[in-house]
Each structure stands twice: as structure tokens, then as C-alpha cells.
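> Compute the structure for the input listed below.
(chains A, B, C and D)
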2 protein chains.
Amino acid sequence: MSADAPESTGTRTVERALGLLAYVCEHGAVSLTEAARGSDLSVSTTLRLLRTLETTGFVSRDDSGDYRPGSITIRLGAQALSRETIVSVAEPKLHEIVELTSENAYLGLPSTSDTMLYAAGVQGTHPVQLANWVGRVIPRSTTAAGTAFAGRVGVHGYAVVRSGADHDSTAIAVPVHSVGTIVATLSVVIPNYRVTDPGLESIGALLVRVAGEISERLGSDPLPNQT
Amino acid sequence: MSADAPESTGTRTVERALGLLAYVCEHGAVSLTEAARGSDLSVSTTLRLLRTLETTGFVSRDDSGDYRPGSITIRLGAQALSRETIVSVAEPKLHEIVELTSENAYLGLPSTSDTMLYAAGVQGTHPVQLANWVGRVIPRSTTAAGTAFAGRVGVHGYAVVRSGADHDSTAIAVPVHSVGTIVATLSVVIPNYRVTDPGLESIGALLVRVAGEISERLGSDPLPNQT
DNA sequence: ATCATGTTGTCACTAGATGGAAATCTTCTC
DNA sequence: GAGAAGATTTCCATCTAGTGACAACATGAT
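Numbers count the residues shown, from 1 in each chain, chains lettered A, B, ... in the order given. Okay, here's the model as predicted:
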């Protein structure tokens, strides 16, 4: 959490519930009374808040009545961790791509089932640049990143979409694998006036190499375990 | 979420905040307006709830103003996932221990800094049995599980505490490692009247072997990635 | 410059969150 | 078995605090 996050102007009820969620996760399994004691809340309030956490899947209740972390907490945490890991591995590689191509480079992650998100990116170094697309959601069906994420990359290993998302640029993308699954994409987006066929081939080959390096890193390093 | 969780008798405010947390985690990075649209809440309400999630560390806000999962979500999810993984790997091994020893066998996980939790266990098959301790929190300082978790296991690799937690039983425990770190313990708890020195040695050796198998499984299999 | 959209802050209002008390359940001891 | 102690669940009067319409401000496109 960044140091410049605002002071608590928050919602007390939500803070209480989130504190309970943290308590349950840190202790592994807690009774209602223990949770109330640990949070300094009344038992009734604690029950109601834990009920809410339970019905939403963030905690579950076992046969002995103890509350444990639920599947939603696990799923969201795993999703969040997965994104953090991929981004931190990919970020230096994006800089490397820009050094070698001078064009904008992006890491694409799956967002919804029919969109991708440019989750990270580095601006190119040309005087004439495309806008920065970090944070932008793009459709999968009509973009190079979506095509690469779906694995449709031909023999060279990359997908090209000319005059795609905004008609003035061409995108070239490759899939990034982790343990045999496509989990992300690398893209370079180029103004059309700078596109050449040899340039595309050269960038494509570079992306394939860099994606392989990222994939190897993701696939061979175990995710951090709890210490 | 289990099908027998109660219907929502929850706290609307908390449900809204948790829904926003899920939305942020599922989409990776969302603007305030997108989050409000996706949750069908007013923008002011969404801002305030996301502020609460931010100050508690569950989400963070990046330079472009997008909300992303925060370190607390990642940490809690990773803790919860880690516990689930350890339990699912250990469960069949606990059954194996009981088949070979006929005594109660338990998996111990760290709870607070001075306690362990018996997170899983299998009852022994003797006609005269000890009570089931699954879900029970035990002190680290005076128990075999705590001693094993601290790594104080002598040359044979196991810790024994006679007449420990309830004076009528003797516990023998070994540490379970994952990627070089002790993350859990395996214990067998025996009524004192059945304790013999050769029996303890035999059980100790069995636990060391089984813990090694679990440790190998935990240490070498990467945790599941997001698909 | 205007316009559209996104973000942040304000505050009157009342919905809904609270917690004390009672009821019920569970476990343990004798 | 009865009784005690503790845990859990339910109830509901009270009033806190959560809400959202609106205003102000910021940003980007034309």
C-alpha cells in the first residue's frame, strides 16, 4: 500500500468486515467468539459480518463451527498474485523491447472473457508517438493481443493486425506461457506510416524471443510460498 | 461457496464493498467510473467504498487513477491458498499414518506466533481413543508440534512430548518443509498407557518418511497458476 | 473557446447497522 | 441424569453512519 493513500475516510462497517477477513485468514480457523474477541466487536455484530463474508464466499464455516478462508478469497488472491508476478517479470523486458524497437510495447492480461487489458507498457522513443494505452481494455476478437492470447500465431509465433483498434496503427503480438498455459501477451504497436514487412518480421522475432524468456521465468520459478 | 451457506442475511454495505473488491481483482485494473458502472452503484458510493478498500490495503491505486488489487488481498489469498494446498496434500498421508499406527494423526499449521492449529486430522482405529483435536489451537512452547515447527527435532528428526497438553497422552511430531521452509507439522497423539519406546521410534521414523514425501510434493510442484 | 466525461467533495435524510438482552444450543463436570 | 458455563443465534429499539443527488473541479477532445 502506497504511503500517499488517504487517511481513513472510510466506511466503518466495511473496515470491520475486512478486519475480520484478515483475522480469519491469518489464524486459519477461528470460532465466532474468538473472532469477536480478536476484533473487539460485539458477538452479534461479528456474527452478522462473518455471515456476510460467508454468503459472499470470502469465508466458509466448517463442521465444528469455525470460520476459515473461503474459495473467493483464495481465487481473488491467486488472481492478484498471478498478475503481480507476471507484471514484475515483464516490466524490464518491455523496456528491453522499446530499446531495440523504439516503439510502444505492452503487456496484455486477460480481463473479461472477451477483452484484454494492457496492464503494463513502456512508451516508445520516436519523436512521433502513439498515445499511451496502459490501462486500456481492448477486444480480443479484433486485436493482435487477443489473437495471440487465443494461440492463433502461425508458424512464426506472432500475430499481426494491421490498421486495427484505431485504424492508424498496426499491432504485433505474441503469447506468454506459464506452465504450459497462455497467461499474457506481449505487443508492439506501431503507427502505420512506420510499418514495413522486414520491420514486422524483425519485431516479431524479437517478441518471440523475449516472450520465451518471460515464459521460462514464469514456468520454472515456483510462485512464492508463505513464509 | 458451499450450497448450504445461509441466504443473504448480510450487511449490504459490506456486500457492496466485497463485490467491488471482486470486480477489481477480476478485471485487474479499473477506473472509478468503470467500477461504479460494473457494480451499479453511484459514483460517490463507489469512491467511498474503494477508498476504504484502499486504506485497508485490499486495493491500491496506480498513477493513472486505476484501482488494482492491493498487497493485503495478495497476502491473504496466498496464505489461504497455501493452507488449502498443504491440507489437500497431507490428508491422504494422514490416512496412511493411521493405517500403519492405529493412532490419531494430525496436521499442524501455524496459527498465531505462539500457537499452532490442528487444521486436519484422522481418528485412530483403537477401541479406546483420544478425543478428536481437529480445529484445536495448541501452544507452541509446550507441545511436540510447536517444537517440531521450531525445528528442534534432534538427530532422529522428530520431537516427543510425554504427558503434554492433557497429561494423559504423549505426542510425537515432525516438521513439514516447503521450498526449504517449515510450513506445517505432522503429529501422532497416543494415550500414555499405549506408549512404548520402540513404538515411539517406529512412529517417529514413519512420520519422518511421510513428512519427507509431503515436503517433496510441496517443494517441487508449483502452486497452481491461474488458468 | 465549448463540450463531454471523469473525479472529488458536500450534506440532508433515513435506511440499515448496532449491540444489549433473551432464547437456544452445546459441552463439561459431578 | 441435572446443572453450570460458555457459545451461538435471534430479536428489535435506537440512532449512527451510509447514501446519492448535486455542485465543483479536472481532463481531454474538438
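
> So which bits of the helix or strand bottoming out on mean pLDDT in chain A are buried?
In chain A, no helix or strand scores lower on mean pLDDT, DSSP states H and E than strand A:137-139, which sits at a mean of 79. If you call a residue buried by 16 or more other CB atoms under 10 Å in any protein chain shown, then strand A:137-139 has these buried ones: A:Val137, A:Ile138. The C-beta positions use only the backbone N, C-alpha and C, and glycine is treated the same way.

> And stretch A:60-77, by the same measure?
For stretch A:60-77, by 16+ other CB under 10 Å, it's A:60-61, A:66-77.

> That stretch - what's its average pLDDT?
Averaged over stretch A:60-77, pLDDT sits at 86.

> before we move on, what about stretch A:205-225?
According to the model, stretch A:205-225 has a mean pLDDT of 74.

> For chain A, which residues are neighbours of DNA strand D?
A:Thr11, A:Arg12, A:Thr13, A:Ser31, A:Leu32, A:Thr33, A:Glu34, A:Val43, A:Ser44, A:Leu47, A:Gly65, A:Ala131 (CB under 7 Å from any atom of the strand).

> if we go to 10 Å?
A:9-16, A:30-37, A:42-48, A:50-51, A:54, A:61, A:64-67, A:131-132 (CB under 10 Å from any atom of the strand).

> Which of those residues fall in strands?
A:Arg61, A:Tyr67 (DSSP state E).

> So which of the residues of chain A next to DNA strand D would count as near DNA strand C as well?
A:9, A:11-16, A:36, A:42-48, A:64-65.

> are any of those buried, and which?
A:Thr11, A:Thr13, A:Val14, A:Glu15, A:Arg16, A:Ala36, A:Thr45, A:Thr46, A:Leu47, A:Arg48.

> How about chain A: which residue is closest to chain B?
A:Gly77 (0.7 Å; CB to the nearest CB).

> if we can go back for a sec, save the buried ones among the ones next to DNA strand C among the residues of chain A next to DNA strand D as a markdown table, and put in pLDDT and distance to B:Gly121 too.
Below are those laid out as a markdown table (pLDDT from 0 to 100; distance: CB to CB, whole Å):
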| residue | pLDDT | distance to B:Gly121 |
| --- | --- | --- |
| A:Thr11 | 85 | 40 |
| A:Thr13 | 90 | 36 |
| A:Val14 | 92 | 36 |
| A:Glu15 | 91 | 35 |
| A:Arg16 | 91 | 32 |
| A:Ala36 | 90 | 26 |
| A:Thr45 | 91 | 32 |
| A:Thr46 | 92 | 27 |
| A:Leu47 | 91 | 27 |
| A:Arg48 | 92 | 31 |
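
> Identify the residues contacting the closest residue to A:Arg152 other than its chain neighbours.
Take A:Arg152 and drop its neighbours on the chain: the residue closest to it by CB to CB, 6 or more residues apart in numbering or on different chains is A:Ala159, 6.2 Å away. Contacts of A:Ala159 were listed using CB atoms under 8 Å, 6 or more residues apart in numbering or on different chains, and they are A:Ala144, A:Thr147, A:Ala148, A:Arg152, A:Val153, A:Ile172, A:Ala173, A:Val174.

> Is the residue positioned nearest the centre of chain A in a helix, a strand, or coil?
In chain A, the C-alpha nearest the mean C-alpha coordinate belongs to A:Arg83, at 3.2 Å (CA atoms, centre = their mean). Secondary structure state of A:Arg83, per DSSP: H, G, I helix; E, B strand; the rest coil, is helix.

> Surely it touches A:Leu109?
Yes: between A:Arg83 and A:Leu109 there is a contact at 6.0 Å, judged by CB atoms under 8 Å.

> Now for the two: what residues contact both?
A:Ala119, B:Gly28.

> Tell me how many other residues crowd A:Thr52.
24 (other CB atoms under 10 Å in any protein chain shown).

> check contacts around it.
So A:Thr52 contacts A:Ala17, B:Ser8, B:Gly10, B:Thr11, B:Val14, B:Glu15, B:Leu18 (CB under 8 Å, 6+ apart).

> Good, we can wrap up now.
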